[in-house]
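S.K.: no sequence for this one, just the structure:
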């Protein structure tokens, strides 16, 4: 059985010369839920954007046994559901239905199959009655759920999220954490929400200045207050 995600010796510099990733190596097992934490500028978002080929650095990346390269890009993007921090980056159609149908239509599925994929994805995120709503009229929490549905409709093997709870009020945050906890998928989530990490992510990877500085059991790393302090993190109260 292959890993869900394997990253080997990945380095990346932006065109302005800023080195964002330095020799990053990580592997994630099928159905493992991993939190990616660290200060702003640590390279978390840059790493995430490599997993479905939006950015291309030096090193090797495999998802579900496929190498991430130009030839495999379509398959890779169907396999890795990437949900951006700002749901408005993901939602661009007039209605919720059209947003969620976009991926399956792009994959060439028949109309009835597209419809059932949309229904299924909305059901999973608890938003079935929003199918005909206008996306930009929704709250941030609702938009985040719809953004997840837009990738679930393509039935990815891996879900990758950037700051999923940012900007949510307490009730929306709670229901969102419950949703992530219930989804039986491989998950890599970049976040500053240490309470969420402690609650639903058994494994935590700490990044700082483009490197992975710690990778282990969440409860053990959370107890290492010096480690957290050095990397600008706090154990949740």
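M.R.: Structure received. Keep in mind that what you see is a predicted model, and the values were worked out from it rather than measured. Numbering: from 1, shown residues only.
S.K.: other SSEs contacting the lowest-mean-pLDDT helix or strand in the chain?
M.R.: In the chain, the helix or strand scored least confidently by mean pLDDT, DSSP states H and E is helix 73-79, which has a mean of 89. Packed against helix 73-79 by the contact rule (3 or more CB pairs under 8 Å, 6 or more residues apart in numbering; DSSP states H and E) you find strand 66-67. The C-beta positions use only the backbone N, C-alpha and C, and glycine is treated the same way.
S.K.: now the strands: where do they sit in the protein?
M.R.: Along the chain, the segments classed as strands by DSSP state E run 5-13, 19-28, 33-37, 58-63, 66-67, 80-83, 158-162, 186-190, 203-208, 211-217.
S.K.: let's have the ones you listed in CSV, adding mean pLDDT and mean neighbour count.
M.R.: Output for the strands of the chain, formatted as CSV (pLDDT from 0 to 100; neighbours: other CB atoms under 10 Å):
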stretch, mean pLDDT, mean neighbour count
strand 5-13, 97, 18
strand 19-28, 97, 18
strand 33-37, 98, 24
strand 58-63, 96, 18
strand 66-67, 93, 14
strand 80-83, 93, 24
strand 158-162, 95, 23
strand 186-190, 97, 24
strand 203-208, 98, 22
strand 211-217, 98, 16
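S.K.: turn those into JSON lines, including distance to residue 233.
M.R.: As requested, the strands of the chain are exported to JSON lines (distance: least, CB to CB, whole Å):
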{"stretch": "strand 5-13", "distance to residue 233": "22"}
{"stretch": "strand 19-28", "distance to residue 233": "18"}
{"stretch": "strand 33-37", "distance to residue 233": "6"}
{"stretch": "strand 58-63", "distance to residue 233": "25"}
{"stretch": "strand 66-67", "distance to residue 233": "33"}
{"stretch": "strand 80-83", "distance to residue 233": "23"}
{"stretch": "strand 158-162", "distance to residue 233": "17"}
{"stretch": "strand 186-190", "distance to residue 233": "13"}
{"stretch": "strand 203-208", "distance to residue 233": "7"}
{"stretch": "strand 211-217", "distance to residue 233": "10"}
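S.K.: ok, which of those strands comes nearest residue 228?
M.R.: When these are ranked by distance to residue 228, counting by CB to CB, first place goes to strand 203-208 at 8.1 Å.
S.K.: that closest one pairs with which strands?
M.R.: When sheet partners are counted by DSSP bridges, strand 203-208 sits next to strand 33-37 (parallel), strand 211-217 (antiparallel).
S.K.: what angle do that strand and strand 19-28 make?
M.R.: With axes from the mean of the first three to the mean of the last three CA atoms, to 10 degrees as the criterion, the two stretches strand 203-208 and strand 19-28 enclose an angle of 170 degrees.
S.K.: measure stretch 31-42 end to end?
M.R.: Between the start and the finish of stretch 31-42 there is a gap of 25 Å, counting by CA to CA, to the nearest Å.
S.K.: what's in contact with that stretch?
M.R.: Stretch 31-42 is contacted by residues 4, 28, 44, 47-48, 180, 184-192, 194, 196-197, 200-210, 213, 218, 231-233 when judged by CB atoms under 8 Å, 6 or more residues apart in numbering.
S.K.: and for stretch 76-91?
M.R.: 45, 48-49, 51-54, 63-64, 66, 68, 99, 103, 107, 135-136, 140, 143-144, 146-148, 150-152, 154-164, 166.
S.K.: ok, of the residues you listed, which come out buried?
M.R.: Listed as buried from the contacts of stretch 76-91 are 45, 48-49, 51-53, 63-64, 66, 68, 99, 103, 107, 135, 143-144, 146-148, 150-152, 154, 156-164; burial here means 16 or more other CB atoms under 10 Å.
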